[in-house]
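In: whatever this is, show me its structure:
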Amino acid sequence: MRAGELAGCRGRLEEFASEVFAPLVRRDQREKGALYVRGLLLDGRRKSMQPMAERLGVDHQQLQQFMTSSTWRVEDVRARLAWRAVRVVRPQVWVVDDTGFPKDGTSSPGVARQYSGTLGKVGNCQIGVSVHAASDTASCPLAWRLFLPESWDTPKAAGRREHCRIPEDERHRPKWLLALEMLDELDGTGLRPAVLVADAGYGANADFRHGLEDRGLGYVLQVKAEMTAHGESAEPHQPPYGGLGPRPLPRYRTRPVSLREHVLAAGRTQGRALTWRKGSKAAMSSHFVLLRVRLAGRRPKPAADGTIPLVWLIAQWPEGEDEPVKYWISNLPADIPAKDLVRLAKSRWRIEHDYRELKTALGLDHFEGRSFTGWHRHVTLVTAAHLFLTEQRRNPKAPARA
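Out: Numbering: from 1, shown residues only. Have a look, this model is predicted:
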């Protein structure tokens, strides 16, 4: 935003900051939080602390002290933001995703040579895992976690960990587990998703799926064609008991086959054309085959009688293709309309808008500090700036409270 535009919505920004930073005990912390958000909102090529301070006309050490050494709990601000975001966005789904933060050196917390979908290759970067609330018209992050690669747990990393002030209990955890921890944190504040969606990096992980099921959460997850499953009609067989040792568990006699094989066996003619949303130029539609299957793999979770629950298999099979190009699975009810399943499967597109604005306009990946806590504070305050902009777009003439 230009300085004049920011001045024009000063009252609304003050009201916004007053609510978001209310948990901060000290007035100077609340003022610094509002100042940092103003700096993120102001136009500028870099949104790191020194250039922001120059644009704001303040000493950059004020911002640095607030972000790295001041005693305030980012979790309290994050909870305020999440509740406000849910009220504003009115989400149909929550989305789990991650994004890369390219880095030049090795001193930033969590930096390593690792694969980043943002880069499309292995590169020197940090990875942030996030949970977003999304509807067809708006979205906003609700929580963030910095992923720590295993190399940050080794004795060689002790010096870097100390320099970055990484808490002792913060160790390497897979991205899917960070996502579950964020869902638990949000649930602890009273927020739960109606449906959760994620790409194949999460959907292909059985532990992640079981974690969602254990929490009673519905999901639509993209998966890989190679994932295996039994057909809808498959039934477990109870082997006879020989009289010695524990009774054998029921098991399926049929060999599970890949999701690709299930859909190819059904044939494209078993599908239908479905539209999931209106695009800028035309309706977004394609051909989909929907089946009911029982997921196999190495860690299925059968019931006591050995039955593996049925799930939806959604396969996108566009005209002119020899086989499907995308696959999803869902534990949503058997009577859900096909168009709703497809709409939910395709709802991740909003998150790309989030990342683009968060990075290009608000400096999500501009943080140059070396503090683990500072990184989480920065991405949280960038989220605050993003939510404020979302509110202005949805209700640009809303008056500020007196």
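In: tell me who's in contact with residue 313.
Out: Residues near residue 313 by Cβ atoms under 8 Å, 6 or more residues apart in numbering: 229, 259, 262-263, 290-293, 327-329. (Each C-beta comes from the backbone N, C-alpha and C, glycine too.)
In: for residue 56, which non-adjacent residue is closest in space?
Out: Nearest in space to residue 56, with sequence neighbours left out and distances taken as Cβ to Cβ, 6 or more residues apart in numbering, is residue 39 at 5.2 Å.
In: now do the helix or strand hosting the one you found: everything it contacts.
Out: Secondary structure from DSSP states H and E places residue 39 in helix 27-41. Residues from elsewhere that reach helix 27-41 (Cβ under 8 Å, 6+ apart): 1, 6, 13-14, 17-18, 20-22, 24, 47, 52-53, 55-56, 58, 62-63, 66-67, 70, 72, 77, 362-363, 381-382, 384-385, 388-389.
In: for the helix or strand just after that helix, packing partners?
Out: Moving toward the C-terminus from helix 27-41, the next helix or strand (DSSP H and E) is helix 49-56. With contacts taken as 3 or more Cβ pairs under 8 Å, 6 or more residues apart in numbering; DSSP states H and E, helix 49-56 sits against helix 27-41, helix 60-68.
In: run the last query once more with 6 Å
Out: Helices and strands in packing contact with helix 49-56 are listed as helix 60-68; criterion 3 or more Cβ pairs under 6 Å, 6 or more residues apart in numbering; DSSP states H and E.
In: summarise which helices and strands the helix it packs on is packed against.
Out: helix 49-56, helix 372-394.
In: returning to that earlier point: off-centre distance for the helix holding residue 39?
Out: Its chain's C-alpha centre and that of helix 27-41 lie 26 Å apart, by Cα atoms, centre = their mean, to the nearest Å.
In: could you give the average pLDDT over it?
Out: Per-region confidence: helix 27-41 scores 94 on mean pLDDT.
In: pull out the buried residues from it.
Out: In terms of neighbour count (16 or more other Cβ atoms under 10 Å), helix 27-41 has its buried residues at 29-30, 32-41.
In: want to try JSON lines for these, with distance to residue 251 as columns?
Out: Below are the buried residues of helix 27-41 laid out as JSON lines (distance: Cβ to Cβ, whole Å):
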{"residue": "29", "distance to residue 251": "60"}
{"residue": "30", "distance to residue 251": "61"}
{"residue": "32", "distance to residue 251": "61"}
{"residue": "33", "distance to residue 251": "57"}
{"residue": "34", "distance to residue 251": "61"}
{"residue": "35", "distance to residue 251": "63"}
{"residue": "36", "distance to residue 251": "58"}
{"residue": "37", "distance to residue 251": "57"}
{"residue": "38", "distance to residue 251": "63"}
{"residue": "39", "distance to residue 251": "61"}
{"residue": "40", "distance to residue 251": "56"}
{"residue": "41", "distance to residue 251": "59"}
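In: which one of the residues you listed is nearest to residue 174?
Out: Nearest to residue 174 among those is residue 40, at 30.3 Å by Cβ to Cβ.
In: now that closest one: closest residue in space, sequence neighbours ignored.
Out: Leaving out its chain neighbours, the residue that sits closest to residue 40 by Cβ to Cβ, 6+ apart is residue 385, at 4.1 Å.
In: the one you found and residue 361 touch, don't they?
Out: No: using Cβ atoms under 6 Å, residue 385 is not in contact with residue 361; the gap is 8.7 Å.
In: looking at those two, which one has more neighbours?
Out: Shown here are residue 385 and residue 361; by other Cβ atoms under 10 Å, residue 385 has more neighbours (26 against 18).
In: so who does that one touch?
Out: The contact partners of residue 385, by Cβ atoms under 6 Å, 6 or more residues apart in numbering, come to 37, 40-41, 362.
In: got it, and residue 270?
Out: Counted by Cβ under 6 Å, 6+ apart, residue 270 has contacts residue 289.
In: apply 10 Å and report the result again.
Out: 263, 289-291, 315, 317 (Cβ atoms under 10 Å, 6 or more residues apart in numbering).
In: among those, give me the pair with the biggest separation.
Out: 291 and 317 (11.7 Å).
In: overlap in contacts, these two.
Out: Counting by Cβ under 10 Å, 6+ apart, the common neighbours of residue 291 and residue 317 are 263, 266, 270-271.
In: now those in JSON lines, with secondary structure?
Out: Compiled in JSON lines, the shared contacts of residue 291 and residue 317 are given as follows (DSSP: H, G, I helix; E, B strand; the rest coil):
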{"residue": "263", "secondary structure": "helix"}
{"residue": "266", "secondary structure": "helix"}
{"residue": "270", "secondary structure": "helix"}
{"residue": "271", "secondary structure": "coil"}
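In: among those, which ones are buried?
Out: Buried among those (16+ other Cβ under 10 Å): 263, 266, 271.
In: for residue 377, see how far away the residue positioned nearest the centre of the chain is.
Out: In the chain, the residue lying closest to the centroid (Cα atoms, centre = their mean) is residue 96, at 2.4 Å. Going from residue 96 to residue 377 by Cβ to Cβ, to the nearest Å gives 22 Å.
In: helices of the stretch 251-400 of the chain, start to end?
Out: Counting by DSSP state H, counting those that start in this stretch, the stretch 251-400 of the chain has helices at residues 259-266, 338-345, 349-360, 372-394.
In: need the ones you listed in a markdown table (columns: distance to residue 182 and mean pLDDT).
Out: Output for the helices of the stretch 251-400 of the chain, formatted as a markdown table (distance: least, Cβ to Cβ, whole Å; pLDDT from 0 to 100):
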| stretch | distance to residue 182 | mean pLDDT |
| --- | --- | --- |
| helix 259-266 | 28 | 97 |
| helix 338-345 | 20 | 96 |
| helix 349-360 | 15 | 88 |
| helix 372-394 | 12 | 95 |
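In: of all these, which one is nearest residue 113?
Out: Nearest of the helices of the stretch 251-400 of the chain (Cβ to Cβ): helix 372-394, 18.6 Å.
In: distance to residue 90 for the helices of the stretch 251-400 of the chain - can I get that in CSV?
Out: Listed next are the helices of the stretch 251-400 of the chain as CSV, based on distance: least, Cβ to Cβ, whole Å:
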stretch, distance to residue 90
helix 259-266, 33
helix 338-345, 15
helix 349-360, 13
helix 372-394, 10
